[in-house]
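1. Fold the following and give me the result.
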Amino acid sequence: MHGGRLQAIVTGGPWLALIVCFFLLPVAGLALISLTGADGSFPTVASYAAIFAAGSDRPAVLLRTLGMALAVVGASLVIAVPVAYHLAKGVRSARLQALVLSLVAVTFLVGPLVRTVSWRGILGRSGLVNTLAGAAGLIDQPISALLYGRPAVLVAMTYNAFPFMLFTVFLAMRMVDDRYIAAARDLGASSATAFWRVVMPLCAPGLWTGAILVFVPTLSTILEPEILGGTSGRLSATEIRDQFFHALNWPMGSALTVLLIIAGGASVAAVAFVIAGLARACGQLGIRIAGRGEARP
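-> Numbering: from 1, shown residues only. Here you go, the predicted model:
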């Protein structure tokens, strides 16, 4: 037993040290800086008190950031799940699957700045949407509200984060044994019933992974709110950047970062709880079958 523990320490120790050095220590440093006052006093909660002071809009910005990130996760799920299911179970050609995923991945060859700016040409007053709507007689004047607001930010964020959700959900659905679906159909289940009661519970880990990959980067994004959000689309990442690099108020920027990490972690746990509940509600198989990897001939 001692030899097994020693082997675990030797093999896992370096990786644990990397996690501590590159993830925990920076967060701990931010926490310490957040407890430093403008006059150098330590410890003090002056920065946190200023965040939650009467008249401060920073709590509202934090809630807006969490709501926007959760909305992006929801929109990405709604789009990615049917696309991934059709691609994984409806398209039998591996080459065609690889081609479609490659076309989606090609968008990453263009930088996020270019991808975000391109939406100004789509949603602007002279953009594609207003032009087509005007040509079809649906509107008399261009709709200015399409740009410089939260809807534009949501669309751009979903567009930039959607591939992460698609790839993970596709891989999860690709690993679902087709015999489970065939058995459900033989027992009289419709295609929709088999999807909800068999496929969705089994690919719940992929849904959760995709949600994390979409949610976490969305919390820290700056480009979309800056370019498309206007004054109503300001999010926490922009406020944190301004405190660090413009106001040079490192304690305030650190305090905002710590609060964003805590709120983001709580939101991630809530997302995992919701997806686990969805998996249990969808059917009796759950994700345990996928974890055991049982496959009967």
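2. and Thr90, how many residues sit next to it?
-> Thr isn't right for residue 90; it's Gly. Neighbour count of Gly90, defined by other CB atoms under 10 Å: 7. The way it works is simple: take the backbone N, C-alpha and C, and place the C-beta from them, glycine included.
3. Quick check: closest non-adjacent residue to Ser220.
-> Ranked by CB to CB, 6 or more residues apart in numbering and with sequence neighbours excluded, the top spatial neighbour of Ser220 is Ala237, at 4.9 Å.
4. For that neighbour, the count of nearby residues, please.
-> Per other CB under 10 Å, the neighbour tally for Ala237 reads 22.
5. That one against Thr221, yeah?
-> Yes: counting by CB atoms under 8 Å, Thr221 is a contact partner of Ala237 at 6.0 Å.
6. Give me the distance from whichever strand or helix holds Leu99 to the chain's centre.
-> Using DSSP states H and E, Leu99 sits in helix 94-106. How far helix 94-106 lies from its chain's middle: 22 Å, per CA atoms, centre = their mean, to the nearest Å.
7. And for stretch 70-88?
-> Distance, centroid of stretch 70-88 to centroid of chain: 12 Å (CA atoms, centre = their mean).
8. Give me the residues contacting it.
-> Identification of contacts with stretch 70-88 by CB atoms under 8 Å, 6 or more residues apart in numbering yields 97, 100-101, 154, 157-158, 161-162, 164-166, 169-170, 172-174, 176, 195, 199, 207, 210-211, 214-215, 218, 267, 271.
9. if I read this right, Leu113 contacts Thr221, doesn't it?
-> No: if you go by CB under 8 Å, Leu113 and Thr221 don't touch, sitting 11.6 Å apart.
10. which of these two has more neighbours?
-> Thr221 (23 against 11).
11. Was I right to think that one contacts Thr238?
-> No: Thr221 is beyond contact range of Thr238, at 9.2 Å (criterion: CB under 8 Å).
12. Of the contacts of stretch 70-88, keep whichever come out buried.
-> Of the members of those, the ones counted as buried by neighbours, 16 or more other CB atoms under 10 Å, are 100-101, 154, 157-158, 161-162, 164-166, 169-170, 172-173, 176, 195, 199, 207, 210-211, 214-215, 218, 267, 271.
13. Now do stretch 52-64, average pLDDT.
-> Mean per-residue pLDDT for stretch 52-64: 87.
14. got a list of contacts for that stretch?
-> Here stretch 52-64 makes contact (CB under 8 Å, 6+ apart) with Ala50, Ile51, Arg234, Leu235, Ser236, Glu239, Leu256, Leu259, Leu260, Ala263.
15. for stretch 160-175, same thing?
-> For stretch 160-175, using CB under 8 Å, 6+ apart, the contacting residues are 72-73, 76-77, 79-81, 83-85, 87-89, 97, 101, 104-105, 107-108, 112, 115-116, 199, 202-207, 209-211, 213-214, 217-218, 221, 224, 290.
16. if we go to 7 Å?
-> 72, 76-77, 79-81, 83-85, 87-89, 101, 104-105, 107-108, 112, 115, 199, 203, 205-207, 209-210, 213-214, 217-218 (CB atoms under 7 Å, 6 or more residues apart in numbering).
17. Buried ones from those, can you make that a ChimeraX selection?
-> Here is the ChimeraX command that selects the buried residues among the contacts of stretch 160-175 (16+ other CB under 10 Å):
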select :72,76,77,80,81,83,84,85,87,88,89,101,104,112,115,199,203,205,206,207,209,210,213,214,217,218
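18. before we move on, the earlier item: next step: the contacts of stretch 52-64 restricted to helices.
-> Ala50, Ile51, Ser236, Glu239, Leu256, Leu259, Leu260, Ala263 (DSSP state H).
19. Could you give the number of residues near Val155?
-> Using other CB under 10 Å, Val155 has 18 neighbouring residues.
20. Which helix or which strand is home to it?
-> Using DSSP H and E, Val155 sits within helix 150-174.
21. Of the contacts of stretch 52-64, which is the nearest to Ala184?
-> Using CB to CB, Ala263 comes nearest to Ala184 of the contacts of stretch 52-64, at 39.7 Å.
22. Check the gap between the closest one and Glu239 for me.
-> Using CB to CB, to the nearest Å, Ala263 is found at 13 Å from Glu239.
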